[in-house]
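**Student:** sequence and predicted structure below; questions after.
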Amino acid sequence: MTILLLLLGLVAAMGAGVVLTLWRLTRSGPRRLDWSRDSELLLSTGSALETYQPMSRLFAEEDLEFLATQVGFRPALEKRLRRQRKQVFRLYLREVRADFARIYALARAIIPLSQNPAFAGLVTRQAASFYVLLAIIRLRCMLGWYRHVSVETIDLVTAFERLREAARASAAVLTAVPVRAG
């Protein structure tokens, strides 16, 4: 009976995650293009993979193994390090989500102006991928499964980077094509 309730709870949580993801994707309509506010994130030369790479290393076992070999090591120190790294990881997640939301809003604003008919589908797929991965990572964190988040973190940042590259390419085409005054 306990296993059945656990499975039912897991299915309910996954369903809630899917509903939340779909709600986030559709909750706000396209906004006006605001290059002054969001263009620095879109046009920055560094990749999101480089920016958020430390996030995937926060729970590396090598660090804890090294710490255990040091003079004066105490289990309380390891506990404190894990707790602090969890806090840092949550901050990283908040930042990557905020950056993604800015790029996603910008990409959605570009969709009606884009010459590429596949751009809208790409934006939607990348946003769905990002939010599903974010929900999975948050679920793992909620359950305390931090050791295996590095792969999902890399996939999350890759989804962010793909959307940014697609938006950057579409924006470059838009700025290269003269816009007719209506």
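**Tutor:** Right, received. Where do you want to start? Numbering: from 1, shown residues only.
**Student:** R85 is in contact with C141, correct?
**Tutor:** No: look at C141 against R85 with C-beta atoms under 8 Å: they stay out of range, at 11.4 Å. C-betas here are computed from N, CA, C, even on glycine.
**Student:** average model confidence for stretch 65-83?
**Tutor:** Computed over stretch 65-83, the mean pLDDT rounds to 86.
**Student:** which other residues reach it?
**Tutor:** D63, L64, Y146 (C-beta atoms under 8 Å, 6 or more residues apart in numbering).
**Student:** neighbours around the second one, how many?
**Tutor:** So the one you mean is L64. 13 (other C-beta atoms under 10 Å).
**Student:** what's the first helix or strand after the helix or strand hosting it?
**Tutor:** Using DSSP states H and E, L64 sits in helix 61-68. Heading C-terminal from helix 61-68, the first helix or strand you meet, by DSSP H and E, is helix 75-110.
**Student:** relative to helix 75-110, how tilted is whichever helix or strand L134 is part of?
**Tutor:** Using DSSP H and E, L134 sits in helix 119-143. Comparing the axes of helix 119-143 and helix 75-110 via axes from the mean of the first three to the mean of the last three C-alpha atoms, to 10 degrees yields an angle of 160 degrees.
**Student:** which other residues reach helix 119-143?
**Tutor:** Contacts of helix 119-143 (C-beta under 8 Å, 6+ apart): 13, 17-18, 20-21, 24-25, 86, 89-90, 93, 97, 100, 104, 107-108, 110-111, 114, 146, 148-149, 152-153, 155-156, 159-160, 162-163, 166-167, 170.
**Student:** of these, just the buried ones, PyMOL syntax please.
**Tutor:** In PyMOL, a selection of the buried entries from these looks like this (16 or more other C-beta atoms under 10 Å):
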select buried, resi 17+21+24+25+89+93+97+100+104+107+108+110+111+114+146+149+153+155+156+159+160+162+163+166+167+170
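**Student:** identify the residues contacting F89.
**Tutor:** Contacts of F89 by C-beta under 8 Å, 6+ apart are M55, L58, F59, C141, Y146, V149.
**Student:** narrow those to those in helices?
**Tutor:** M55, C141, V149 (DSSP state H).
**Student:** including pLDDT, could the residues you listed go into a markdown table?
**Tutor:** Formatted as a markdown table, the ones in helices among the contacts of F89 follow (pLDDT from 0 to 100):
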| residue | pLDDT |
| --- | --- |
| M55 | 81 |
| C141 | 83 |
| V149 | 77 |
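**Student:** Serialize the residues you listed to a markdown table and add fields for distance to T69.
**Tutor:** Shown next, in a markdown table, are those (distance: C-beta to C-beta, whole Å):
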| residue | distance to T69 |
| --- | --- |
| M55 | 25 |
| C141 | 28 |
| V149 | 25 |
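**Student:** show me where pLDDT drops low in the chain?
**Tutor:** 18, 20-45, 173-182 (pLDDT under 70).
**Student:** circling back: distance to F73 added to the contacts of stretch 65-83, as TSV?
**Tutor:** Listed next are those as TSV, based on distance: C-beta to C-beta, whole Å:
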residue	distance to F73
D63	12
L64	10
Y146	20
